[in-house]
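*Asks:* how does the following fold in three dimensions:
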Amino acid sequence: MIPRPRTLRWRIQTWHGLLLVAVLAGLGATAYRLERTNAFRHLDTELEKRLGALHSAVGGRPGGPRRPPPDAGPPPESHPPPGRGEPRGPDPGRPPRPGSFQLPDVLAALFVPGEEPAYFYHLWTRHGEVFGAAAHAPVGLPMPPRADAGPGTETRDGRRLAWKSTPPGEVLLVGASTAPTERELTRFAWWLAGGGLAVLALGLVGGGWLTARALSPVQEIGAVASRVAEGRMGARISVAEPGSELGNLAAALNQTFARLEAAFSEQARFTADAAHELLTPTSVLLAQTQLALHRPRSAEEYRETIVTVRRAAQRIHNLCESLLTLTCFDSHTEPLQLRACDLAEVAREQLEALQPLADERGIALAQEGAPCPCQADPDRLAQVFTNLLVNAVKYSRPGDRVTLTTERIGNAARIRIADTGPGIAPEHLPHLFERFYRADASRNRATGGAGLGLAICKTLVEAHGGTISVQSEPASGTILTVTLPSEAPGAPSGTFA
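*Replies:* Below is the predicted model of the structure:
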């Protein structure tokens, strides 16, 4: 059993070859049938021409008298001896005798024995007796039907035969061998076969080349995908024809590979940053516990050690909680608890909670704007406002002011938190919402942060279908803007007018 081709290239080539064979076979068969029909039509035309000439020579045209051949003399009064002076046509007064007909010289050229095909004739009386035949005519030909059956044509024993009857009842037959015609048709068939094989070979070679050229991008796509699977994330597919179907596929895969590379890079950096952030508090825990166990200490010293250990454990707890929040929202396993709420009210509660911290650092807090109803998760938005306000308070100077503004803009709600602090350098703004990113030395671990607060804010805002942006210039303060749709994704419509 022949195994089926498994590659796409060979499947296309196989179907292309089968289709080409079918088309060539159909064209060849049609051409051969047409050539055969034309060849036998030409042979029949030659037979009809000779049959008509023979009919005229015999003198059997309807309505006309029987004429002697042109070279015959006047009718004799008495019959001459046999073989001399015998008329070349039958006597109208009596049926022709066997062997009595001789073909006129002017028509003998139509029945030359050496030519191909060699035409011959046979003549029968109405009684079935042969009264004339060509010297090379086959012996034993049966008499065709007479005039009551009409003229006819047939192929018998390798010969093409045509016949007709005269009004008195004689039967005239003209024939020729079909061997020369069949040889010509055989040569034509071989020519067709050779030409068809040449066209088939050329078509298969050309089709294979075109198939290989058309599928070469697919092979390149597979090779690049294999390299990406091996870990070489920077591999890309070269796009030779961007507008083609394979070009669009290659462009889409390149975008996918780029996103995969960015995701893997971010994951690797995230893992390294998380390990680095966890390393500091765990080192503090180990150092304090080892120091406490090294020798006996006083109660006050043990208390200080416990406080330090608790602070480090709290930092680990906060970091783990932040990482868990990001992981849950990244994997879409933490659904939002959407309900009707007023963003202005949620923001006011967070301002009140942070007022003691602001008073301690000498920062003024203020709220402006009108009520801002929205369909959202108030607990998650409270977390967003808390992180943004804590950052604004932490990095502002004594005497600075932090203002929270809420407003409705069409079908969206906008919250702006502006401070008059030192601002942020422009080179840090594009990376501000990246995980574990710290803008400068003033925003380091001394402030107690892990660089995840703004990343969590961005994740929670985008989960609501909103956006968050930052505007800042050194020594001119910072403005953080959160824009949320009035109805979050998946929320029932018509909650607010």
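
*Asks:* every contact and neighbour count from this point should use C-alpha atoms.
*Replies:* Fine.

*Asks:* and residue 393, how many neighbours does it have?
*Replies:* Around residue 393 there are 26 other residues, counting by other C-alpha atoms under 10 Å.

*Asks:* chain center to the helix or strand hosting it, what's the gap?
*Replies:* Assessed by DSSP states H and E, residue 393 sits inside helix 378-394. Offset of helix 378-394 from its chain centre (C-alpha atoms, centre = their mean, to the nearest Å): 51 Å.

*Asks:* return the set of buried residues in it.
*Replies:* Buried residues in helix 378-394, counting neighbours by 16 or more other C-alpha atoms under 10 Å, are found at 378, 380-394.

*Asks:* can you check stretch 230-242 too?
*Replies:* Neighbour-count burial for stretch 230-242 flags 233, 235-237, 239 (criterion: 16+ other C-alpha under 10 Å).

*Asks:* any idea how far that stretch is from the chain center?
*Replies:* Worked out by C-alpha atoms, centre = their mean, stretch 230-242 lies 19 Å from the chain centre.

*Asks:* how about residue 142, phi and psi?
*Replies:* With angles defined as degrees, to the nearest 10, residue 142 sits at phi -70, psi 150.

*Asks:* neighbours around it, how many?
*Replies:* There are 9 residues near residue 142, going by other C-alpha under 10 Å.

*Asks:* can you check residue 304 too?
*Replies:* With other C-alpha under 10 Å as criterion, residue 304 counts 12.

*Asks:* also residue 475?
*Replies:* With other C-alpha under 10 Å as criterion, residue 475 counts 12.

*Asks:* what about it, which SS state?
*Replies:* Secondary structure for residue 475, judged by DSSP: H, G, I helix; E, B strand; the rest coil, is coil.

*Asks:* check the offset of the helix or strand where residue 366 lies from the chain's centre.
*Replies:* Using DSSP H and E, residue 366 maps to strand 364-369. Computed by C-alpha atoms, centre = their mean, the chain-centroid distance of strand 364-369 equals 60 Å.

*Asks:* one more: stretch 419-437?
*Replies:* 47 Å.

*Asks:* mean confidence score for it?
*Replies:* For stretch 419-437, mean pLDDT is 82.

*Asks:* can you list the buried residues in it?
*Replies:* 419-424, 432-437.

*Asks:* the residues you listed into JSON lines, with extra columns for distance to residue 197 and secondary structure?
*Replies:* JSON lines is the format used below for the buried residues of stretch 419-437 (distance: C-alpha to C-alpha, whole Å; DSSP: H, G, I helix; E, B strand; the rest coil):
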{"residue": "419", "distance to residue 197": "85", "secondary structure": "strand"}
{"residue": "420", "distance to residue 197": "87", "secondary structure": "coil"}
{"residue": "421", "distance to residue 197": "86", "secondary structure": "coil"}
{"residue": "422", "distance to residue 197": "85", "secondary structure": "coil"}
{"residue": "423", "distance to residue 197": "81", "secondary structure": "coil"}
{"residue": "424", "distance to residue 197": "78", "secondary structure": "coil"}
{"residue": "432", "distance to residue 197": "71", "secondary structure": "coil"}
{"residue": "433", "distance to residue 197": "69", "secondary structure": "coil"}
{"residue": "434", "distance to residue 197": "67", "secondary structure": "coil"}
{"residue": "435", "distance to residue 197": "69", "secondary structure": "coil"}
{"residue": "436", "distance to residue 197": "71", "secondary structure": "coil"}
{"residue": "437", "distance to residue 197": "71", "secondary structure": "coil"}
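
*Asks:* format those residues as TSV; extra columns: distance to residue 219.
*Replies:* Below are these laid out as TSV (distance: C-alpha to C-alpha, whole Å):
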residue	distance to residue 219
419	57
420	59
421	57
422	56
423	52
424	49
432	41
433	40
434	37
435	38
436	41
437	41
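
*Asks:* can you show me the helices along the stretch 51-200 of the chain?
*Replies:* 105-108, 179-229 (DSSP state H, counting those that start in this stretch).

*Asks:* and among those helices, the most buried is which?
*Replies:* helix 179-229 (a mean of 15; mean count of other C-alpha atoms under 10 Å).

*Asks:* just the closest of the buried residues of stretch 230-242 to residue 44, please.
*Replies:* residue 239 (65.3 Å; C-alpha to C-alpha).

*Asks:* how about the closest one, secondary structure?
*Replies:* coil.

*Asks:* related to what we said a few turns ago, what's downstream of the helix holding residue 393, the next helix or strand?
*Replies:* Next element after helix 378-394 (DSSP H and E): strand 401-409.

*Asks:* over that next one, what's the mean pLDDT, rounded is fine.
*Replies:* On average, strand 401-409 scores 90.

*Asks:* sort out which residues of that strand are buried, please.
*Replies:* 401-408.

*Asks:* from the residues you listed, which is closest to residue 30?
*Replies:* Taking the buried residues of strand 401-409 together and measuring to residue 30 by C-alpha to C-alpha, the closest member is residue 408, at 80.1 Å.

*Asks:* do you know how far residue 408 is from residue 157?
*Replies:* 105 Å (C-alpha to C-alpha, to the nearest Å).

*Asks:* tell me which of the buried residues of strand 401-409 is nearest to residue 256?
*Replies:* residue 408 (37.2 Å).

*Asks:* tell me who's in contact with that closest one.
*Replies:* 372, 414 (C-alpha atoms under 8 Å, 6 or more residues apart in numbering).

*Asks:* so what's it bridging to?
*Replies:* residue 413 (DSSP bridges).

*Asks:* check which helix or strand residue 314 maps to.
*Replies:* helix 299-330.

*Asks:* tell me what that helix is packed against?
*Replies:* helix 245-294, helix 453-463 (3 or more C-alpha pairs under 8 Å, 6 or more residues apart in numbering; DSSP states H and E).

*Asks:* can you list contacts of the last one?
*Replies:* Same thing as helix 453-463. 322, 325-326, 329, 336, 380-381, 383-384, 387-388, 432-435, 467-468, 482, 484.

*Asks:* can you pull the contacts of residue 122?
*Replies:* Per C-alpha under 8 Å, 6+ apart, neighbours of residue 122: 130, 132-134, 137, 172-174.

*Asks:* repeat the analysis, applying 6 Å as the threshold.
*Replies:* Applying C-alpha atoms under 6 Å, 6 or more residues apart in numbering, we find residue 122 in contact with 132-133, 173.

*Asks:* and for residue 337?
*Replies:* Contacts of residue 337 (C-alpha under 6 Å, 6+ apart): residue 377.

*Asks:* tell me the SS of the closest residue to residue 486 other than its chain neighbours?
*Replies:* Distance criterion C-alpha to C-alpha, 6 or more residues apart in numbering; nearest residue to residue 486, sequence neighbours excluded, is residue 374 at 4.7 Å. The assignment at residue 374 comes out as strand when based on three-state DSSP.

*Asks:* wait, what's in contact with residue 374?
*Replies:* 340-342, 486.

*Asks:* dump these to TSV, plus pLDDT, secondary structure and neighbour count.
*Replies:* Formatted as TSV, the entries for the contacts of residue 374 read as follows, by pLDDT from 0 to 100; DSSP: H, G, I helix; E, B strand; the rest coil; neighbours: other C-alpha atoms under 10 Å:
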residue	pLDDT	secondary structure	neighbour count
340	88	strand	16
341	88	strand	16
342	88	strand	17
486	74	coil	26
